[in-house]
Each structure stands twice: as C-alpha cells, then as structure tokens.
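Novice: any chance you can model this:
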Amino acid sequence: MRKVPEILDAERMRERYGSFYNASPKVHLDQRQIPARLWPLLPYAEFWGIADDLTREILVEQAPRDVQLNLKDVVSAFEDALEEWLVRSKANKPHPSGEYVAFAAMIMAADFA
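Specialist: The predicted structure is shown next:
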C-alpha cells in the first residue's frame, strides 16, 4: 500500500521550510481556475510554479532534501489528476492560464528534485 504524503497548507509550508520559504518569488494563483481536487496543491504551485527554468532549478537545488522529497511525493500522489487537467483537458489551448503554467512548472520542479 502506498503511503500518503504529508500535504502542507501554506502556513505549515512556511513553518516547515523555515527561512528557505523566503527564497521563492511565489506566484499568486486564482483557486477558481484550478480543479477542486487539486486545491491542496495550491501552496506548492504558488511556491514552486516559477515559469523561468533557471530560477526554478536554482530554487530546487537550494531546497533542503526533506523539502525536495515532500514536493516529489505530493506531486506524485496527484499524478492522475494533474495529468487529466494539464494534459487531457488543456493541452490544445493556445494561451495557457497562469495557473496552468504554474502547475506545469511545479511538476518540472518535482521532476528536477
């Protein structure tokens, strides 16, 4: 049986990340633009959803190992729902929303970790 990862809300993320929490420029996302089943990932997407590859990769490299592992585990736990939203329902849209971009970047951060 697969272990359910600890999913951090914004406040717990701030506490767990400590001073590293200030390393992200953070993006503001509109929850209404995200499927409800992905709402638990909103703090992660706001923290890790940086569109610039270099900035995002530097952030991942600076992250404490336990923070990297939590990101990977949480994204993995939502893999099917993320794929359905990002790949199946939105892939052919010419102008992706900021929310779409941030969630895709969050996945890239998890993959890089």
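Novice: when you work out contacts or count neighbours from here on, use the C-alpha atoms and nothing else.
Specialist: Will do.
Novice: show residues contacting the lengthiest helix in the chain.
Specialist: For the chain, the longest helix by residue count, based on DSSP state H, is helix 98-112. Contacts with helix 98-112, where a contact means CA atoms under 8 Å, 6 or more residues apart in numbering, come from 27, 29-30, 33-34, 44-46, 48-51, 56-57, 60, 68, 71-72, 75, 86.
Novice: among those residues, which ones are buried?
Specialist: Among the contacts of helix 98-112, those classed as buried by 16 or more other CA atoms under 10 Å are 27, 29, 34, 44-46, 48-51, 56-57, 60, 68, 71-72, 75, 86.
Novice: list the ones among those that fall in helices.
Specialist: Those of the buried ones among the contacts of helix 98-112 lying in helices (DSSP H): 44, 45, 46, 48, 56, 57, 60, 68, 71, 72, 75.
Novice: redo these as JSON lines? Include pLDDT and distance to residue 107.
Specialist: Below are those laid out as JSON lines (pLDDT from 0 to 100; distance: CA to CA, whole Å):
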{"residue": "44", "pLDDT": "98", "distance to residue 107": "10"}
{"residue": "45", "pLDDT": "98", "distance to residue 107": "9"}
{"residue": "46", "pLDDT": "98", "distance to residue 107": "12"}
{"residue": "48", "pLDDT": "98", "distance to residue 107": "9"}
{"residue": "56", "pLDDT": "96", "distance to residue 107": "11"}
{"residue": "57", "pLDDT": "96", "distance to residue 107": "12"}
{"residue": "60", "pLDDT": "97", "distance to residue 107": "12"}
{"residue": "68", "pLDDT": "96", "distance to residue 107": "12"}
{"residue": "71", "pLDDT": "97", "distance to residue 107": "9"}
{"residue": "72", "pLDDT": "97", "distance to residue 107": "8"}
{"residue": "75", "pLDDT": "96", "distance to residue 107": "7"}
